[in-house]
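>>> give the three-dimensional model of this entry:
(chains A, B, C and D, ligands or ions: 6)
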Amino acid sequence: MITAGQWTASVMARRTAGEYSVVTLSAAGSAAAARPGQYASLRVGGAESSRLLRRALWIREATAGGRHGGTLDVVADVREPGGAWLAAQPESAPVDILAPLGRPFLLPRETVTCLLVGFGVATAPLIRLAEDLVSRGSRVRFLMLGDRAAFGVLGARRFSAEVIDRAGTGADLPQTVADILADGADVVYSAGSAAELRDVAEGLAGTQVPHQAAIHSPLVCGSGTCTACAIPLTGRDSVTRMVRVCSEGPVFNADLVRWADLGTVPGDCLGASGEQQ
Amino acid sequence: MITAGQWTASVMARRTAGEYSVVTLSAAGSAAAARPGQYASLRVGGAESSRLLRRALWIREATAGGRHGGTLDVVADVREPGGAWLAAQPESAPVDILAPLGRPFLLPRETVTCLLVGFGVATAPLIRLAEDLVSRGSRVRFLMLGDRAAFGVLGARRFSAEVIDRAGTGADLPQTVADILADGADVVYSAGSAAELRDVAEGLAGTQVPHQAAIHSPLVCGSGTCTACAIPLTGRDSVTRMVRVCSEGPVFNADLVRWADLGTVPGDCLGASGEQQ
Amino acid sequence: MSGTVEIAGARFPRPVFAASGCAGSGRELVGHCDLRDFGAIITRSITPTPRAGLRPPRLAETPSGLINALGLPGPGIEQFLAEELPWLVDHGATVIVSIAADSGPDFARIAQRLRQAPGVAAVEVNLSYPVSDLARRPFAMDPNAAAGVVHVVRRNTAAGVPVFAKLAGDTTDIVAVARACANGGADGLSLINAVRGLGIDSAAARPSLGAAVGWLSGPAIKPIALRAVWEVHAELPAVPIIASGGVQTGVDALEMIMAGASAVAVGSALLTDPSAGARVGRELAELVARRGADLSALIGCAHVEVGS
Amino acid sequence: MSGTVEIAGARFPRPVFAASGCAGSGRELVGHCDLRDFGAIITRSITPTPRAGLRPPRLAETPSGLINALGLPGPGIEQFLAEELPWLVDHGATVIVSIAADSGPDFARIAQRLRQAPGVAAVEVNLSYPVSDLARRPFAMDPNAAAGVVHVVRRNTAAGVPVFAKLAGDTTDIVAVARACANGGADGLSLINAVRGLGIDSAAARPSLGAAVGWLSGPAIKPIALRAVWEVHAELPAVPIIASGGVQTGVDALEMIMAGASAVAVGSALLTDPSAGARVGRELAELVARRGADLSALIGCAHVEVGS
Ligand SMILES: Cc1cc2nc3c(=O)[nH]c(=O)nc-3n(C[C@H](O)[C@H](O)[C@H](O)COP(=O)(O)OP(=O)(O)OC[C@H]3O[C@@H](n4cnc5c(N)ncnc54)[C@H](O)[C@@H]3O)c2cc1C
Ligand SMILES: Cc1cc2nc3c(=O)[nH]c(=O)nc-3n(C[C@H](O)[C@H](O)[C@H](O)COP(=O)(O)OP(=O)(O)OC[C@H]3O[C@@H](n4cnc5c(N)ncnc54)[C@H](O)[C@@H]3O)c2cc1C
Ligand SMILES: Cc1cc2nc3c(=O)[nH]c(=O)nc-3n(C[C@H](O)[C@H](O)[C@H](O)COP(=O)(O)O)c2cc1C
Ligand SMILES: Cc1cc2nc3c(=O)[nH]c(=O)nc-3n(C[C@H](O)[C@H](O)[C@H](O)COP(=O)(O)O)c2cc1C
Ligand code: FES
Ligand code: FES
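Ligands and ions are numbered 1, 2, ... in the order given. Now for the predicted structure:
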């Protein structure tokens, strides 16, 4: 089940545009395993840093083969201290990395019309997904929202899909999604913060369209040991449990996520008690 | 009395040889004030480092004037984590520096024969001293002991003095000093660790030769506030007090230092008590 | 690798353990490391019933540390016995089961259930965490309360299975609590649990943890842990100590041992480096070998030198 | 710069103070900063007689912190009154005199001597340090003992000169001690002193400090300080708090204020950056201004948000 490796990557290249930086890291043979929706977890700041926690970063691109066992491209937000450190590393600097982590998007068995909804830097995993879908013959409509600056650096327009750019617009999000959905889509894939994805889910409310949502939120261990990333999700057995974004996600069946209760431990959750919420 | 400045220096150049690195830093106008025997105190590791304490480093060279308000050369031991960080900084990297700190060597009023005794990297302050003494017409005999690797990087042979290189020899130190002194010296200047200088002082025991000793030991604040660096010293009033190497030294009249009691608070020290030692 | 260590009569294959709560159910580490790299896996604290844990945020970064307020999420004793413990044993792990409860009777009940289960190398009694009421003072803050719980657990645990009492690092007099636990029947001590701490998210003007007050761990608390190990070992040299608090490297582990620990547990380090257990073990073994010493000869050796 | 703050009836020109023991006699900072940059200079703890301090090493580096065992070196009350206090006053400093002693009568005597001296803006009672016997439990570890000392100092201090009780961060129940001190007459609290810690120099196989056990300060303990401020402010909102423990930046200072502090003191930061007082003050003022708020409106404001 777990295919993640841990290795000391070398910075191969970096390309910074505004507040984002795409960093190419040597993949030590792990690139082939990386699927759209998975992420990497990096140690930042160097050995003597006072910042201990790893940073989770989407894998924008995974290129197998080549001299260094392939490469992984990750996207760092340079406003965040860990991202700033990564973006400042010179070529060949060592970076401790765990990847690929998490459960990827599931691809449709048939060729269908897919609506992809990406928010800012969380558009990253959807780009690889779009490429995969298009190459398998599906039609892709790509709605981009949130911080437009991210799209440039992500190369978010370099593939054949219908790109609907609503970045930076303050439009009512659930309505926007509902409107675009009305133009046709068999499945929806989304990626963004919990609050953003909740709006997407709301836009889809009442439809039967399957929706896979990749949640972008702070992670700690990335392996499922610490439970810091837990969110409430109702299982097919109708029991709500706290599940871990890092290892049971980051991609979830959006219908099962308790969007309205994110940020809490709902009272009906298995093991919840009055004091614990 | 205090002429020290605090500024963000730029790394101008660095020259590493073996375990030592001479780093040239912009001096922001403070170079002219630096006298032989004084030191600089540097913040290491960058803003997010888990290492908080400053490192005290001898000023090997101070060059006034020029584009950056002059330069200071300091010597870092790359085996020490702080020294390793400093030696690894690229050109123009910023370094928080306090300098010049401490009381310098006092120069003789007349032209005399001076014996300088330097140990490893602590030879650094004596080199500038030797240059000053020679230029004022004094004769300099320079005994070099300890780690020979330090001398090369310090440029310890590039001035006109009689250099007696006993580096690396395991000879009995007090005897060596006494022997060389017998060949003639009116004053002695030394620089090294407390244990090393104690041996020099022992070699001079019984003579009336004035001896100024610059103590090389770990410092913390460099300003005299923390008292971490205190050593016992008997004042002209015959009272022993704990004095601070960083601000009341690092250069002391060696006759007053309680060499045998370094590493303790002697029972007869002002304010000493049984429990405190 | 350093070999077997014997602690309170039980044998562990290595001196570096996984600290409670930092190795998940064990399963999560598969693929990242070999469970046999650990002298023992100390489970997260197992409670009488399943627990969902506290509201988020549950964890935040602090200088050289982290604070957490997880709320002891876990499966509860029954599911633990049915699934997690057998899985760990099947995978070759040496298991110390950490247990937490609100009352003596609850502790007794868990201990009795464990008694029937195969594969329990030792029991660790988490005395430092208020289980159902965050405002309640943990047992470890009071010598009598701590001793009472230890006594109950010891009485309900099989002979030959040592009971370790895990104490809080921010109690006024840890030696008094340690002594009470030893008198109450503890075969050894685990020092220390994370200490109480809080973060403020100043942009949001609120605590950075959902529960406000949480527990500080990581290198920041290493001096606090060393002090606890030092003082307890000085007063109770015969009581073995499993030390945790900021161990990230072999040097850290050696420091703990020199202060008086018989074994060390890595906690937070596993969150940032899932292979930390093997690495710390390897580094420690090298340091011990370089000294030409046996690990057991180094336990508490820094005490001998003091005053010399 | 943020303006005047009023704490326990006394006015201080700025909200950022120098923590006790971290500004030397004041003289050492001249040339590095302006003493007027500090809302107050809290002196090192002044003792009945001069003290040479403890054997070296007295200080060592720890992850994001430092441990010290200095032994309260200082001139004693008489020389302090003859030289240091007048010098500080002459140089425009606002002075809070920290005092430490072994017994109620000694505390009373120092307080009486201070009563006659001009220029004492407030008295801080260091309850967290065993003065003549390192093995002795500090007053701050026991509510009754702490309250007794505070009572004696308050009775011997001029009306209008507030008395602050400085508490330990590693006591079991800091709220109980704080409450006892307030009942004993403390006008305010200083939270927290450095916490007990130890380092091991593994190469030398001995403690890194000459006294073995020392006191941990710096960013490492900021979560511990914030927790103390938070809990005490929650229970005793009317008692003003001077917060110290890991404050290195304006953000740190703001966090302390949001947790419930009325002013902050920078300690360890001054050892690594003698101009830290002015810098933290400037950064804090900018952050407060950016919020369009008055500093006093932010005191404890993180409590309001909890549970919302
Ligand atoms: C699957 C996935 C992929 C991601 N990909 C990217 C990406 O490509 N680029 C990018 O810039 N960001 C990405 N993120 C978000 C990113 O991991 C965090 O936002 C990032 O670590 C920065 O957090 P911060 O600025 O809040 O840092 P800080 O708040 O300073 O956080 C510091 C550390 O604490 C952790 N932390 C902070 N808050 C919490 C909390 N509430 N609960 C638990 N831990 C916490 C953080 O993860 C981090 O390790 C991704 C997140 C996920 C889940
Ligand atoms: C005037 C002067 C000039 C010096 N010049 C140089 C130089 O040019 N080059 C050079 O390499 N070294 C120099 N040193 C020595 C140097 O400052 C320390 O040795 C250096 O900081 C490294 O110490 P460390 O390897 O012991 O580091 P660590 O032991 O890791 O020390 C880390 C920090 O703790 C402090 N510290 C460590 N032990 C003690 C102690 N016992 N008491 C108080 N503080 C302590 C250190 O100063 C440092 O800030 C000088 C010392 C003095 C007094
Ligand atoms: C995420 C996390 C979860 C923890 N869970 C438990 C637990 O369930 N029971 C327990 O006794 N200690 C628990 N602890 C405390 C650790 O076992 C350990 O004693 C402490 O964190 C100090 O060690 P460290 O600095 O290496 O993390 C937990 C610590 C962390 C960081
Ligand atoms: C070198 C040093 C000396 C100190 N001396 C005293 C003292 O004399 N009296 C006192 O009450 N606290 C003393 N303290 C504690 C500080 O005043 C402060 O409360 C503590 O260090 C926490 O703050 P910080 O993390 O900013 O240093 C001292 C701390 C240090 C680091
Ligand atoms: S980040 Fe640790 S369990 Fe998910
Ligand atoms: S180093 Fe602080 S007083 Fe000397």
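>>> just want the residue of chain C that's nearest ligand 2.
Going by Cβ to the nearest ligand atom, ligand 2 is nearest to C:V251 of chain C, at 12.0 Å. All C-beta spots, glycine's among them, are computed from the backbone N, C-alpha and C.
>>> and the nearest residue to A:R241 once chain neighbours are set aside, how close does it get to D:A140?
Nearest residue to A:R241 in three dimensions, chain neighbours excluded: A:L270, at 5.1 Å (Cβ to Cβ, 6 or more residues apart in numbering or on different chains). From A:L270 across to D:A140, the span is 44 Å (Cβ to Cβ, to the nearest Å).
>>> settle it for me: which of those two has more neighbours?
Using other Cβ atoms under 10 Å in any protein chain shown, the more surrounded residue of A:L270 and D:A140 is D:A140, with 28 against 16.
>>> what sits against the more buried one?
D:A140 makes contact with D:127-128, D:146, D:165-168, D:171, D:177, D:193, according to Cβ atoms under 8 Å, 6 or more residues apart in numbering or on different chains.
>>> before we move on, the earlier item: relative to ligand 1, how far out is the residue nearest to A:R241?
Here the criterion is Cβ to the nearest ligand atom, to the nearest Å. By it, A:L270 lies 21 Å from ligand 1.
>>> that residue touches C:R51, doesn't it?
No - using Cβ atoms under 8 Å, A:L270 is not in contact with C:R51; the gap is 9.0 Å.
>>> pull the contacting residues for whatever residue of the stretch 1-150 of chain A ends up closest to ligand 6.
The stretch 1-150 of chain A approaches ligand 6 most closely through A:E48 (21.7 Å), counting by Cβ to the nearest ligand atom. For A:E48, the contact set (Cβ under 8 Å, 6+ apart) comprises B:45, B:49-51, B:81, B:85.
>>> likewise for C:S20?
C:42-45, C:98, C:124, C:126, C:166, C:190, C:265, C:267.
>>> that one: what secondary structure?
Reduced to three states with DSSP: H, G, I helix; E, B strand; the rest coil, the structure at C:S20 is coil.
>>> residues touching A:V251, list them.
Going by Cβ under 8 Å, 6+ apart, A:V251 touches A:37, A:102-106, A:212-214.
>>> then C:V175?
Contacts for C:V175 were tallied using Cβ under 8 Å, 6+ apart; they are C:231-232, C:235-236.
>>> that one is in what secondary structure piece?
For C:V175, the host element (DSSP states H and E) is helix C:174-183.
>>> for that helix, buried residues please.
Going by neighbour count (16 or more other Cβ atoms under 10 Å in any protein chain shown), the buried part of helix C:174-183 is C:174-175, C:177-182.
>>> also near chain A: which of the contacts of C:S20, exactly?
Among those, no residue sits close to chain A (Cβ under 8 Å from any Cβ of the partner chain).
>>> between the residues you listed, which has the most around it?
Highest neighbour count within those: C:A265, with 34 neighbours (other Cβ under 10 Å).
>>> helix, strand or coil for the residue of the stretch 101-250 of chain A found nearest ligand 1?
Nearest residue of the stretch 101-250 of chain A to ligand 1, counting by Cβ to the nearest ligand atom: A:P218, 3.3 Å away. Here A:P218 is recorded as coil under three-state DSSP.
>>> try C:E78
Assignment for C:E78 (three-state DSSP): helix.
>>> which non-adjacent residue is nearest it?
Closest to C:E78 by Cβ to Cβ, 6+ apart is C:R113, at 7.7 Å.
>>> how many residues are close by the one you found?
Neighbourhood size, C:R113 [other Cβ under 10 Å]: 18.
>>> and residue 80, how many neighbours does it have?
With no chain named, the answer covers chain A. A:E80: 15 neighbours (other Cβ under 10 Å).
>>> not quite, I wanted chain C
Neighbourhood size, C:F80 [other Cβ under 10 Å]: 25.
>>> name whatever forms a beta bridge with the closest residue to it other than its chain neighbours.
Excluding the flanking residues, the one nearest C:F80 by Cβ to Cβ, 6+ apart is C:I46, at 4.9 Å. Beta-bridge partners for C:I46, by DSSP bridges, are C:I99.
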